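Novice: Build me a model:
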Amino acid sequence: MYSIPNYVRYAHQLRSLLLTMLISFIVPVAMLGMSITGLTLSSHVPMVAAIAQETREYLLAFLNIFGSGCALQGTIVIGTTCSIAGGLFDVYNFYQGYHCQQKNYN
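Specialist: Predicted coordinates for the structure are as follows:
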C-alpha cells in the first residue's frame, strides 16, 4: 500500500506556520516604522514639534538598546522575537488540534 510522506501530510500546517511567522515579523516592524515616520512628520508641526522629537528620540534609544547601538538591528530583533512567539502559538494550536482530533476518534 502506498503511504503518504509526512511532508505532504503536514504541508498545510507548515504553510500556516510560515505565514504566521511572516505576519508576526512584519506587523511589529511596520508598526515601529510607522511610529518613527509619524513622529518625524509631526515634528514639523509647530505645536507638537518638541513632544514628537523627544518621543522619537526615546523610541530610537529604545531600539538602540535591542540592536547594540543600531536602531535597524533593534527593529529586526524585536520582529524576530515576535515571529518566534507567533510560531510557538501556532505550533501550540497544531498540538491542541491533534489531541482534540485523537480524543474524538477514541
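
Novice: all helices of the chain, in order?
Specialist: With helices called from DSSP state H, the chain shows them at 6-9, 11-42, 49-66, 71-105.

Novice: Would you convert the ones you listed into TSV that also reports mean pLDDT and mean neighbour count?
Specialist: From N, CA and C alone the C-beta is placed, and that goes for glycine too. Below are the helices of the chain laid out as TSV (pLDDT from 0 to 100; neighbours: other Cβ atoms under 10 Å):
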stretch	mean pLDDT	mean neighbour count
helix 6-9	70	8
helix 11-42	95	14
helix 49-66	96	14
helix 71-105	89	14
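
Novice: Any figure for the gap between the spatially closest residue to residue 17 that is not a sequence neighbour and residue 11?
Specialist: In space, residue 17 comes closest to residue 90 once its chain neighbours are excluded; the distance is 5.2 Å by Cβ to Cβ, 6 or more residues apart in numbering. Using Cβ to Cβ, to the nearest Å, residue 90 is found at 15 Å from residue 11.

Novice: Pretty sure the residue nearest to residue 17 sits against residue 18.
Specialist: No - in this structure residue 90 lies outside contact range of residue 18 using Cβ atoms under 8 Å: 9.4 Å.

Novice: which residues do those two both contact?
Specialist: Listed as contacting both residue 90 and residue 18 by Cβ atoms under 8 Å, 6 or more residues apart in numbering is no residue at all.

Novice: can you pull the contacts of the nearest residue to residue 89 once chain neighbours are set aside?
Specialist: Spatial nearest neighbour of residue 89, chain neighbours left out: residue 20 (7.6 Å); criterion: Cβ to Cβ, 6+ apart. Residue 20 makes contact with 86-87, 89-90 under the criterion Cβ under 8 Å, 6+ apart.

Novice: Identify the farthest-apart pair in these.
Specialist: By the measure Cβ to Cβ, the contacts of residue 20 have their two most distant members at 87 and 89, which lie 7.3 Å apart.

Novice: Now do the same contact list for the residue nearest to residue 17.
Specialist: Applying Cβ under 8 Å, 6+ apart, the residues contacting residue 90 are 16-17, 20-21.

Novice: again, 10 Å this time
Specialist: 13, 16-21, 24 (Cβ atoms under 10 Å, 6 or more residues apart in numbering).
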